[in-house]
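S.K.: predicted model and sequence follow; I will ask about them next.
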Amino acid sequence: MNHFGCDHQSESFRVPYILSQVIPAWTHLKSLRVGAINGATWVHLAQHRTLHRLEVRFPAVDVHLGSPSAPGGNAVFPALDKLTLRSLSWGLRGATGLLRSTGGRGSLIDLHVDSCIQPQPTELGDFTSAVADHCSAESLTNFYCSEKMFNDWGLEIADPYDAEFGITFNTLQPLMSFSRLESLMISGKRLVLIKDDELLELASAWPQLRVLGINAKAGWIVTSRVTFIGLAKLIEVCPLLMNLYISIDTSSPTDNIISNYRDNMDRASSTETQVPGAALRYLYFPRTRVDARDVKRIAAFFAVLLVNSPHATVYGTPENWLKVSSAIRRITNELRRTVLADNKQPEDTSGPVSRNRASELETDSDEGQIEEEHEEDSDSSSYESCASE
């Protein structure tokens, strides 16, 4: 037996006991998807030398969660690439306990954890610390953690958590040891209390990051402390970034950011290094309000940010983001026309794109706005679909 999948949902003793008798006989097992298991099975799987993918729903029967001496001993999952833990009754505490029950560092590449109960304030921070202690910094590339809470009817509770349930710099700091991280997604309703300099310090530890998402569905609950300056710097320190899901403070100033960002792009081009923003494909800003008076200013900022990413898309919630997207397209098209015009004039030494051009376009009249509004109607269905994900 190489692959086995069973979606049983029972936490009774009988099913995990049967699995504990059968699984040890599968000496060449490579992939396993089951519900709850018992401690003996966990120990066996942790020492299995051919198992590459494991998906389990916890808590595991008779495993003493959270105890350093829990069943597992010196188990390190020597061959495991992807571990998925889905917990319906112990939350991240169960996942933390299981990681701590291993006596060494596993070679995990992909870690996916779903929690489905009311979390505790420090639960997420405890979990990231356990990941740092028991996952190899040389291997982990994908980290996904979701916290949800359901009522008695199986419906997800929409209310955000209290202020003490915050995601801070200290919450995510343990993950800075994973320099090869390519995807980091955290989903839940915790308040996000991260500032520009903290986000920059975190991102600097992940130079290969391609996907970053923090509360992509619920938003940051409170007004984001990340400004346009922090966003621009984030794009610079993560040149491979493709998809971004965070909230930002759109009332923050954009003065001088455009010209400084253009300088950095010119410098990267001259040194043949990765041009900031060239890999960007999708930027989504949940629960990020845009004042109607700031639409052109914000669009001018993103037009420069995405000048090397012709296929990038910018969305957000709640209102006015469709107008921002339309304005970005208009300004970006004008910038590209400027590039083509400049390339036909060898005597012009001002560079491929005038550093002030986006600012000039920001203050242009609303000429062409009517035709852009027709595009908004066609975009609305896809926008609403993205916002609901």
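M.R.: Perfect, thanks for sending it.
S.K.: for stretch 306-315, buried residues please.
M.R.: For stretch 306-315, the buried set under the neighbour-count rule, 16 or more other C-beta atoms under 10 Å, comprises 306-309, 312-315. To be clear about C-beta, it is placed using only N, CA and C from the backbone, and glycine gets the same treatment.
S.K.: from those, pick the one nearest A278.
M.R.: A278 has its nearest neighbour among those in N308, at 4.4 Å by C-beta to C-beta.
S.K.: phi and psi next, for the residue nearest to the closest one when sequence neighbours are not counted.
M.R.: In space, and not counting its chain neighbours, N308 is closest to A278: 4.4 Å by C-beta to C-beta, 6 or more residues apart in numbering. Main-chain dihedrals, A278, degrees, to the nearest 10: phi -70, psi -30.
S.K.: wouldn't A278 be in contact with S309 here?
M.R.: Yes: at 6.2 Å, A278 and S309 qualify as touching, with contact defined as C-beta atoms under 8 Å.
S.K.: all helices of the protein, in order?
M.R.: Ranges of helices in the chain, per DSSP state H, are 14-22, 39-46, 91-100, 123-134, 169-172, 196-204, 228-237, 257-270, 295-305, 321-343, 357-362, 369-388.
S.K.: so how far is the longest one off the chain centroid?
M.R.: In this case it means helix 321-343. Averaging C-alpha positions (C-alpha atoms, centre = their mean, to the nearest Å) puts helix 321-343 28 Å from its chain's average.
S.K.: may I see the buried residues of that helix?
M.R.: 321-332, 334-335, 338, 342.
S.K.: and that helix, what does it pack against?
M.R.: helix 295-305, strand 313-316, helix 357-362, helix 369-388 (3 or more C-beta pairs under 8 Å, 6 or more residues apart in numbering; DSSP states H and E).
S.K.: quick one: mean pLDDT over stretch 229-247.
M.R.: For stretch 229-247, mean pLDDT is 94.
S.K.: end to end on it, go ahead and measure it.
M.R.: Length of stretch 229-247, first residue to last, C-alpha to C-alpha, to the nearest Å: 13 Å.
S.K.: list the buried residues for that stretch?
M.R.: So, applying 16+ other C-beta under 10 Å, buried residues of stretch 229-247: 229-239, 241-247.
S.K.: residues touching the residue nearest to L244 when sequence neighbours are not counted, list them.
M.R.: Distance criterion C-beta to C-beta, 6+ apart; nearest residue to L244, sequence neighbours excluded, is L283 at 4.9 Å. When contacts are counted by C-beta atoms under 8 Å, 6 or more residues apart in numbering, L283 touches 243-244, 302, 312-315.
S.K.: so where is the stretch 151-300 of the chain shaky, pLDDT-wise?
M.R.: Applying pLDDT under 70 to the stretch 151-300 of the chain flags residues 151-163, 256-275.
S.K.: any idea how far stretch 165-185 is from the chain center?
M.R.: 10 Å.
S.K.: what is the end-to-end distance of that stretch?
M.R.: Start-to-end, stretch 165-185 (C-alpha to C-alpha) is 17 Å.
S.K.: list the buried residues for that stretch?
M.R.: Residues of stretch 165-185 classed as buried: 165-168, 171-176, 178, 181-185 (neighbour count, 16+ other C-beta under 10 Å).
S.K.: could you chop the chain up by domain?
M.R.: Following automatic domain parsing, one finds the domains of the chain at 1-115, 158-388.
S.K.: I figured L32 hits H44, correct?
M.R.: No: using C-beta under 8 Å, L32 is not in contact with H44; the gap is 10.8 Å.
S.K.: okay, and the common contacts of the two?
M.R.: Common contacts of L32 and H44, defined by C-beta under 8 Å, 6+ apart, comprise I23.
S.K.: the two - which one has more neighbours?
M.R.: L32 (24 against 18; other C-beta atoms under 10 Å).
S.K.: beta partners of the more buried one?
M.R.: Beta-bridge pairing of L32, defined through DSSP bridges, involves F4, L54.
S.K.: could you count how many residues lie near D110?
M.R.: D110: 17 surrounding residues under other C-beta under 10 Å.
S.K.: try N2
M.R.: For N2, using other C-beta under 10 Å, the count is 11.
S.K.: my guess is L92 contacts T128. True?
M.R.: No: at 9.5 Å, L92 does not count as touching T128 under the criterion of C-beta under 8 Å.
S.K.: higher neighbour count, these two?
M.R.: Neighbours per residue (other C-beta under 10 Å) separate L92 from T128, with L92 holding more: 27 against 22.
S.K.: done for today, thanks.
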